[in-house]
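Novice: attaching a predicted model along with its sequence, questions to come.
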Amino acid sequence: MNNRHNFLSTTLISVVIFSTSCLILTTQALPDYQFRIPNGDKVIAPSGEAWPGVGHYRSTGGGARNVFGEDFAAAGHRWTVELCQKDSDCDGFSNGQELGDPDCIWQEGDIPQFDVGITHPGIADTERSGGSAMESTATTSSSADTNVAAAGATCQDFKFEDLPSGYSNTSFVMPNYLVPAQHTTYVKFAFKVDFAGIDSYAVRIDPIITSPQVVHHMILYQCNSEPTDFLTPNTRGQMACSDLVAAWAVGGKGQCMPPQVGIELDSSRPWYIIDMHYDNPKGLEGIRDNSGLQITTFPKSAVAGQNYQPAGWLWAGANPRSYNIPPGRGAYELTAQCSYPGLPTSGITVFSYALHAHKLGRKVWTEVQRPTTNRFLQQQAAADCPSDCASRAGGMCSLCFSNPGCCGSLDPTACNPSGVCCSQCEICDGCQGCYAQTDTCNPNGNPAGNQIGGGDNGLGEPAFDLGCDTRYDFDLQETRPLAEPQVIYPSDILTTHCVYDSTSRTSVTVGGDATDDEMCIAFFLYYPVQPNAKCMTTNVQNDVGDGQHICQIKGQATVNDTLCTAPPPDNLLLASVSFGSLDGWLQIHIVCMILSMGLLIPIGVLVPMVFRDSLASNDAWFRYHRILQSLGVLILVIGAAVALANVSIHFMQVHHKLGVAMFVLVLLQPLNALVRPHKADESTDDENSSKPSTKRTIWEVVHKGLGRIIVIASWANIFLGVKLLKEWYSASGGLTKGLIGFQSLVIVVLVLVAAYKIFQTKKKSTTTARMEADKSSGEAA
């Protein structure tokens, strides 16, 4: 017995020392690179997919490196200023801007400057860049006077000397605001600017950043009335301002209008609000901020007669009263369909867009549908309208009741009988009047009139996206230029899709302006400006689609990781990977797990179960048992060590969690053996008594039961691992089938051997019992 205890003690100490050494050495040899870059655990690819393997083409890591991975390796796997300032994927945003360290000040172990709005530095974010490479600019300029950020690609041809002599720059900035030390702050502040009572054109918008360490994004709105809640900076209150002027987010640039185009600023509406987001994960204190937006304007009268085109914002969104988002949904999609029949037949030109949802928003896009025929356009001709409609709604018969919804409803209560628009119809899709169903100007109500949507006037397939963000982030709201300006015609149908993730909510989220409510709007900057271009429709379809979408903006690459270098060959990503092509650590892990948990430890458990009697001489069964278990544990430690040191998301899958649990239980078994009680019942004086003690009985139940549970769970986990090997590492069918076949063969053989030995033991016991019974009967006779 002492020899056994000495052996077990030596084995246990050896296992602990060996496992500790393996973990230390393996971790030092294969560091977790994810935490050597800022926000390495928060990277989201343009597809919306989490990408923990930041430096690799495969999201989970391993295999070929992407362009950022190559740059990271060239930098010695360290976050250097040079690597931070570089734009690895050539999408116009530096690696630092994409990873939340725009000033390149982060060091390993620090809290990043920003920890929201993190994008992928190795996959070009073409949704933000417009699909083409842009020259990266710093967040702030070197000018100490204005701190105006350099303008982006849309301003590359802008020249101030081309502006009228009366132009001016107006700054909408925070009033030396003391930024709270809390992580996230949303604050609004109102301005009164009437441009000396003169209507003006805004032709350039630049961010002014005085506190780049905390300023994350901002939006400027124009108001219809004085926003009294925000005359001083306020984090609460209701904002009645909804007319978007400009939006900027960290990493973004300035924005300039196309030549001969300017955003109209009405001097009779002098109130503006800036909505500022401060991201302060470091809890910095004492920061006084004067950041905001600078707008370059000049009087409209200065370009009178020069064919200047006024620009405005076209809206395509869902009326907040038309939807509620249920809790616990990972991808809840709704659509809002808008039309603008009042547009000129020549159309309008859209050149920028901004998308808006709140904290649950994950994807937002607006697709353009066009009729397959021109019948709709033909219906706009005044000659096709009844004569008494020629002076009403511009002679356009289809302006009312052309779509389902408030003004398109056949419900007589939807509109007032007098023919005047009710409040619901004022926000309908381009509706300029509200006619009774019997009115001759109501195409859907007048049998003799032109019918909308009948016959061959069906909608074609979606032609293209006018705006799209499949990785929508509430903290990255900004105005984005289109790679190619698009013309929108009165026949076009604009359908805005919003996808929400409500898994964090336990109650219904309603539509509304509050941050914890939700919205679904797309804004499009266009010219020439038109009346009634705001659509907040009730024609909303809830819980549609599967939330999946690939952006189809004309002139913009869908996902572009080839702006700097050639793409990886197709067979690199799609072809199956053989065992020899897997990473070295993964090869070691597979071999160790199959040998230890799949073979040696199960055989070690089987020996005392079924070979105890046949190997009873000199306790041979025990020697085989401890040799197999000790060898199995040592190999298991190696396999577990390389996995723990290389998979930073090791606890995400069931295979990972179950593997760690099995690892701990296996290491507990030698400890359990070390405290094994004496077999003899302590109530007797006979050490050779066949009656085991109570403690020994309990110990045997625990030790044997745990061992068998470990074997069954380990076999199951091997099959889970093979499944993960195929899904994460593209293992070939031959490799996965081979592993499954080998493990299945081992299981079948061991089960058959166990069953045979158990059958033989029972048969022997039955024979012995019969012989003893016969002997007893003979003696009695």
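Specialist: Good, I have the coordinates.

Novice: now for residue 155, how many residues are close by?
Specialist: 18 (other Cβ atoms under 10 Å). Quick note: C-beta positions are derived from backbone N, CA and C, even for glycine.

Novice: any idea which helix or strand comes after the helix or strand hosting residue 638?
Specialist: Take DSSP states H and E as the rule and residue 638 turns out to sit in helix 620-646. Moving toward the C-terminus from helix 620-646, the next helix or strand (DSSP H and E) is helix 654-674.

Novice: compute the inter-axis angle for that next one and helix 620-646.
Specialist: Counting by axes from the mean of the first three to the mean of the last three Cα atoms, to 10 degrees, helix 654-674 points 140 degrees away from the direction of helix 620-646.

Novice: buried ones in helix 654-674?
Specialist: The neighbour-count check on helix 654-674 (16 or more other Cβ atoms under 10 Å) flags 655-656, 658-659, 662-663, 665-667, 669-670, 673 as buried.

Novice: among the residues you listed, which one sits closest to residue 247?
Specialist: Lowest distance from residue 247 to these (Cβ to Cβ) belongs to residue 656, with 40.7 Å.

Novice: against residue 52, how distant is the closest one?
Specialist: Computed as Cβ to Cβ, to the nearest Å, the residue 656 to residue 52 distance reads 13 Å.

Novice: equivalent analysis for residue 230, please.
Specialist: 41 Å.

Novice: which one of the two is surrounded by more residues?
Specialist: Ranked by neighbour count (other Cβ under 10 Å), residue 230 and residue 52 place residue 230 first, with 24 against 17.

Novice: what residues does residue 71 make contact with?
Specialist: By Cβ atoms under 8 Å, 6 or more residues apart in numbering, the residues touching residue 71 are 83, 86, 88, 95.

Novice: mind listing which of these are in helices?
Specialist: Those of these mapping onto helices are 83, 95, per DSSP state H.

Novice: hang on, residue 710 packs against residue 661?
Specialist: No - checked against Cβ atoms under 8 Å, the pair residue 710 and residue 661 is beyond contact range at 9.5 Å.

Novice: low-confidence regions, the stretch 401-550 of the chain specifically.
Specialist: 401-462 (pLDDT under 70).

Novice: next, count neighbours for residue 597.
Specialist: 28.

Novice: swap in residue 612?
Specialist: When counting by other Cβ under 10 Å, one arrives at 16 neighbours for residue 612.

Novice: for it, which three-state class applies?
Specialist: coil (DSSP: H, G, I helix; E, B strand; the rest coil).

Novice: got a pLDDT number for it?
Specialist: We have a pLDDT of 77 for residue 612.

Novice: which residue is the nearest non-sequential neighbour of it?
Specialist: Among residues not flanking residue 612 along the chain, residue 621 sits closest, at 4.9 Å (Cβ to Cβ, 6 or more residues apart in numbering).

Novice: cool, and residue 542?
Specialist: Closest to residue 542 by Cβ to Cβ, 6+ apart is residue 334, at 5.0 Å.

Novice: so the one you found makes contact with residue 539?
Specialist: No - between residue 334 and residue 539 there is no contact under Cβ under 8 Å: 11.1 Å.

Novice: and the residue nearest to residue 542, how many neighbours does it have?
Specialist: 23.

Novice: three-state assignment of it?
Specialist: The local conformation at residue 334, judged by three-state DSSP, is strand.

Novice: on that earlier part again, can you list the buried residues of helix 654-674 in JSON lines and add pLDDT and distance to residue 490?
Specialist: Formatted as JSON lines, the buried residues of helix 654-674 follow (pLDDT from 0 to 100; distance: Cβ to Cβ, whole Å):
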{"residue": "655", "pLDDT": "83", "distance to residue 490": "56"}
{"residue": "656", "pLDDT": "80", "distance to residue 490": "56"}
{"residue": "658", "pLDDT": "85", "distance to residue 490": "60"}
{"residue": "659", "pLDDT": "84", "distance to residue 490": "62"}
{"residue": "662", "pLDDT": "84", "distance to residue 490": "66"}
{"residue": "663", "pLDDT": "85", "distance to residue 490": "67"}
{"residue": "665", "pLDDT": "86", "distance to residue 490": "70"}
{"residue": "666", "pLDDT": "84", "distance to residue 490": "72"}
{"residue": "667", "pLDDT": "83", "distance to residue 490": "73"}
{"residue": "669", "pLDDT": "79", "distance to residue 490": "77"}
{"residue": "670", "pLDDT": "76", "distance to residue 490": "80"}
{"residue": "673", "pLDDT": "73", "distance to residue 490": "83"}
